[in-house]
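# next one to model:
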Amino acid sequence: ATWSLKRLREHSLSVAASNMADQEEQTDLNEQPADMDSQETADAESPAQIQTDQEEPPEDWGEDISPGKDGGVFKQIITEGVGKEKPLEGDEVFVHYTGRLLNGDVFDSSVERNELFKFKLGEGQVIKGWDIGVATMAKGEKCILTCKPENAYGKEGSPPNIPPNSTLRFEVELFEWQGEDITKDGGVFKSVITKGDGYSKPRNGTACNIHIRGTYEGQLFDERDVTFDYGEGIEQHLPPGLEKAIGEMKNAESARVTIKNPKYGFGEAGLPDLHIPPNAELSYFIRLNSFQLPKEAWDYENVEEKRAEAERLKERGTTYFKADKFDLALKLYTLGTEVVSSTSIHKEEEVGVVKGVRVALHLNLAACHLKLKEPSLALKECEEVLKLDDGNVKAFFRRGQARQLLQDYEEAISDFQEVQKLEPRNKAASTHIAQCRHKIKAIHDLEKKRYANMFERFAAAEKTETPPTKEEPKSESSTDSGDVEKAEGEEQEMGGGEEEAVNGERAVGDIIMEDQEAVEA
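Numbers count the residues shown, from 1 in each chain. Purely as a prediction, here's the structure:
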């Protein structure tokens, strides 16, 4: 059938408008004399409608599930669903349905089209009876929803398939549902159970108090109250996907969170302490009891208070860095830089007060990015340091490392040479210079070999006076292919990067002297 439940969406607004018109008409009628009101009402109602209103609903219509128990929507369960959870307002639900008139005529069916129908629950995308009925269903449940005209297509119907004032019966099967995709990649879904207050939401550094209840395959594995600083939830066994959901919540909000992608859960390692296996899909109920946002830059009384807070965040970050928790260290160092950023401090005398901690924070951020193999970001942090201190040895050294990882060997050598000027006995800088020169030579040698092979082939072709036999091209091609493969192999070997040893020395990632690798305490 070309007619589909698309019409449910298209018609929902006209039904609402029709209902409003009915209410206005009723108001006008109420203002008429009693005998006129009675006569006009009798004329307005069709015999079929009067019969529907007066008759008791058949037993096979099931339970009255309309909000006011006014007989607007009935539900008869055919097949029980699984579990107790039901879709929530705003969830995207996936169903099969067959719609019939009371005489049994089918006017639409997704089953016949072999295509699941999806819509957002409670947002008026379908007729009102569906929003009411589907919200009562469990996963896998099949039922018949009987919708009176006021919860279907009203007095106008939906010609030519649905006559005016039609009571409709839908056989509906609920396959699944999902909340808002908060990661935009299908990894984490969030459904609001209770709406929160205000507009603010937690961000990094926010002190949060929450209640969680976590389940895996329907079994409870974690239920507790947790107080933590947003951004450091993993330290309290809160998976990244759950913390992401908390960042989308308002005060006093409760929600259901489904973590489908293990990278947002406990990953390949799982969480043995709570009996969570690797790559597990998790479900959580969460209530954000309260939270306290961190101070904004303008909330501090003076520059000394800002410097002290930045030092505190730096020290906490360094604790994580020394424990090889570089992601967490990165968050704390970033918060520290925000407290003493150039946008919040303008007076020259204040800039001097926070210069030391700003330099240390940017250097530590560069160290984190290098550990996380993010050389472009490390390079930017080093440049921030050099704006504040143009003779900073560690900034030159770490920028050289970043450029080396980016295979910008000439610029990397320039940075390491600056280190040598400032610290002539710096052996690590000398080692990195040797590595970069080795890489440059390998690139030149490979290019030279490629061009040499190309010229040899051109020369050989010019000396050939007779066309080659059928076997000759095969032989020549085989030789050339071998040269190319060998060259490609050399190129791959040359591109080995940090793992390759040079002149018996360790690889790039390992040759960082302790005084230059260590973060600023």
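# give the helix, strand or coil label for Y284.
strand (DSSP: H, G, I helix; E, B strand; the rest coil).
# P375: what's it in contact with?
369, 401-403, 405-406 (CB atoms under 8 Å, 6 or more residues apart in numbering). (Each C-beta comes from the backbone N, C-alpha and C, glycine too.)
# try 6 Å this time
Contact partners of P375, counting by CB atoms under 6 Å, 6 or more residues apart in numbering, are 402, 405-406.
# which one of the residues you listed has the most neighbours?
A402 (26 neighbours; other CB atoms under 10 Å).
# and the helices in the stretch 101-250 of the chain?
110-113, 128-134, 240-246 (DSSP state H, counting those that start in this stretch).
# those: which one's closest to K331?
Smallest distance to K331 across these (CB to CB): 11.0 Å, for helix 240-246.
# number of nearby residues for L271?
L271 has 20 nearby residues by other CB under 10 Å.
# how far away is it from L293?
Using CB to CB, to the nearest Å, L271 is found at 29 Å from L293.
# any chance of the helices of the stretch 101-250 of the chain in TSV, plus mean pLDDT and distance to T167?
Putting the helices of the stretch 101-250 of the chain into TSV (pLDDT from 0 to 100; distance: least, CB to CB, whole Å) gives the following:
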stretch	mean pLDDT	distance to T167
helix 110-113	95	21
helix 128-134	96	10
helix 240-246	97	41
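# okay if I get these as JSON lines plus mean neighbour count and distance to E384?
Formatted as JSON lines, those follow (neighbours: other CB atoms under 10 Å; distance: least, CB to CB, whole Å):
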{"stretch": "helix 110-113", "mean neighbour count": "14", "distance to E384": "57"}
{"stretch": "helix 128-134", "mean neighbour count": "24", "distance to E384": "53"}
{"stretch": "helix 240-246", "mean neighbour count": "23", "distance to E384": "27"}
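# what are the ranges of the strands in the protein?
63-64, 73-79, 92-101, 106-109, 117-120, 142-147, 168-178, 180-181, 188-194, 207-216, 219-229, 254-259, 282-292 (DSSP state E).
# each with direction, which strands does the second one pair with?
Applying DSSP bridges to the sheet, strand 73-79 is found paired with strand 63-64 (antiparallel), strand 142-147 (antiparallel).
# pick the most buried one from those strands.
Among the strands paired with strand 73-79, strand 142-147 has the highest mean neighbour count (mean count of other CB atoms under 10 Å), at a mean of 23.
# and for that strand, what's in contact with it?
Under CB under 6 Å, 6+ apart, the answer for strand 142-147 is 61, 73-79, 129, 133, 168-173.
# please indicate which of those are buried?
Neighbour counting with 16 or more other CB atoms under 10 Å marks 61, 73-76, 129, 133, 168-173 as buried within the contacts of strand 142-147.
# tell me the one among those residues nearest to W298.
Distances from W298 to the buried ones among the contacts of strand 142-147, taken by CB to CB, are shortest for G133, at 51.8 Å.
# so for V519, which of the helices of the stretch 101-250 of the chain sits nearest?
Counting by CB to CB, and looking across all of those, nearest comes helix 240-246 at 23.4 Å.
# which secondary structure elements does the closest one contact?
If you count contacts as 3 or more CB pairs under 6 Å, 6 or more residues apart in numbering; DSSP states H and E, helix 240-246 packs onto strand 188-194, strand 254-259.
# low-confidence bits of the protein, can you list those?
For the chain, applying pLDDT under 70 flags the ranges 1-55, 455-456, 458-517.
# could you redo the last one with a cut-off of 80?
Along the chain, the model assigns pLDDT under 80 to residues 1-55, 297, 342-349, 450-521.
# okay, and the beta partners of Q219?
Bridge pairing for Q219 - DSSP bridges - gives Y216.
# for I210, see how far away it is.
Using CB to CB, Q219 is found at 21 Å from I210.
# settle it for me: which of those two has more neighbours?
Set Q219 next to I210 and count neighbours by other CB under 10 Å: I210 wins out with 25 against 8.
# got the contact list for V257?
Contacts of V257 by CB under 6 Å, 6+ apart are 190, 242, 245, 284, 286.
# just the CA trace of stretch 189-199, in PDB.
Taking C-alpha atoms only, stretch 189-199 is exported to PDB below (Å, rounded to 0.1, in the frame of the first residue of the first chain):
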ATOM      1  CA  PHE A 189      22.000   6.700  24.400                       C
ATOM      2  CA  LYS A 190      20.200   8.700  27.100                       C
ATOM      3  CA  SER A 191      16.500   8.900  28.000                       C
ATOM      4  CA  VAL A 192      15.100  11.400  30.400                       C
ATOM      5  CA  ILE A 193      12.900   9.900  33.100                       C
ATOM      6  CA  THR A 194      12.500  13.100  35.300                       C
ATOM      7  CA  LYS A 195      13.300  16.500  33.900                       C
ATOM      8  CA  GLY A 196      15.800  18.600  35.800                       C
ATOM      9  CA  ASP A 197      15.800  22.200  37.000                       C
ATOM     10  CA  GLY A 198      17.400  25.200  35.500                       C
ATOM     11  CA  TYR A 199      19.800  25.400  32.600                       C
END
